[in-house]
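S.K.: With the input below, show me the fold.
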Amino acid sequence: MSDSVCSNCGQLQGVPEYDSKLWDIYHRLPELVSRSYIEPFVYTQDDLDELGFYDDEDSREAVMMSMERNMVERGHCGGCGRPDLRGRNLDELMTEEDARELHDMYAEQAAEIRAGC
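M.R.: Numbering: from 1, shown residues only. Below you'll find the model as predicted:
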């Protein structure tokens, strides 16, 4: 077990119980539920090869920044990828039942979008 701290969000890393609680809170905050179903913006190596602009350091930084910004938009830390709960109002936590219903609704919508409906 590692007791390190993320240099980006300042949260403890390497403690499974802590990570589990972070994700539990993340999935019960109404404003983050919808964001968790946004399709991640990720470039694969094939994408980068096809685009041909990954050859220099500036291009690499632009690609990494765009993916990091997308993570932040979805409520994740741009460094460690775990929930970033800074500035969140924990008084707004939904019950587990309400959160499950909302997740089911968004999951269904995401599936319909992927299916082209």
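
S.K.: residue boundaries of the helices in this structure?
M.R.: Listed in chain order, the helices of the chain (DSSP state H) span 16-26, 30-33, 45-51, 57-73, 96-115.

S.K.: can I see the domain layout of this structure?
M.R.: Following the assignment in automatic domain parsing, the chain carries domains at 1-38+86-117, 39-73.

S.K.: Just send the ones you listed back as a markdown table, with mean pLDDT, distance to Cys80 and mean neighbour count too.
M.R.: The way it works is simple: take the backbone N, C-alpha and C, and place the C-beta from them, glycine included. A markdown table is the format used below for those (pLDDT from 0 to 100; distance: least, Cβ to Cβ, whole Å; neighbours: other Cβ atoms under 10 Å):
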| stretch | mean pLDDT | distance to Cys80 | mean neighbour count |
| --- | --- | --- | --- |
| domain 1-38+86-117 | 83 | 4 | 13 |
| domain 39-73 | 76 | 10 | 12 |
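
S.K.: would you turn these into CSV with distance to Gly79?
M.R.: Output for the domains of the chain, formatted as CSV (distance: least, Cβ to Cβ, whole Å):
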stretch, distance to Gly79
domain 1-38+86-117, 3
domain 39-73, 8
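
S.K.: got the helices of the chain as JSON lines, with distance to Gly81 columns?
M.R.: Putting the helices of the chain into JSON lines (distance: least, Cβ to Cβ, whole Å) gives the following:
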{"stretch": "helix 16-26", "distance to Gly81": "11"}
{"stretch": "helix 30-33", "distance to Gly81": "14"}
{"stretch": "helix 45-51", "distance to Gly81": "19"}
{"stretch": "helix 57-73", "distance to Gly81": "6"}
{"stretch": "helix 96-115", "distance to Gly81": "19"}
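
S.K.: Mind checking those helices for the one nearest to Ser7?
M.R.: helix 57-73 (13.4 Å; Cβ to Cβ).

S.K.: Send me the closest one as CSV with only the CA atoms.
M.R.: In CSV, the C-alpha atoms belonging to helix 57-73 read as follows (Å, rounded to 0.1, in the frame of the first residue of the first chain):
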residue,chain,number,x,y,z
GLU,A,57,6.7,18.6,-28.0
ASP,A,58,4.1,21.4,-28.6
SER,A,59,1.7,19.0,-30.3
ARG,A,60,2.2,16.4,-27.6
GLU,A,61,1.4,19.0,-24.9
ALA,A,62,-1.7,20.2,-26.8
VAL,A,63,-3.0,16.6,-27.1
MET,A,64,-2.4,15.9,-23.4
MET,A,65,-4.0,19.2,-22.3
SER,A,66,-7.1,18.5,-24.3
MET,A,67,-7.5,15.0,-22.7
GLU,A,68,-6.8,16.4,-19.2
ARG,A,69,-9.3,19.2,-19.6
ASN,A,70,-11.9,16.6,-20.6
MET,A,71,-11.2,14.7,-17.4
VAL,A,72,-11.7,17.8,-15.4
GLU,A,73,-15.0,18.6,-17.2
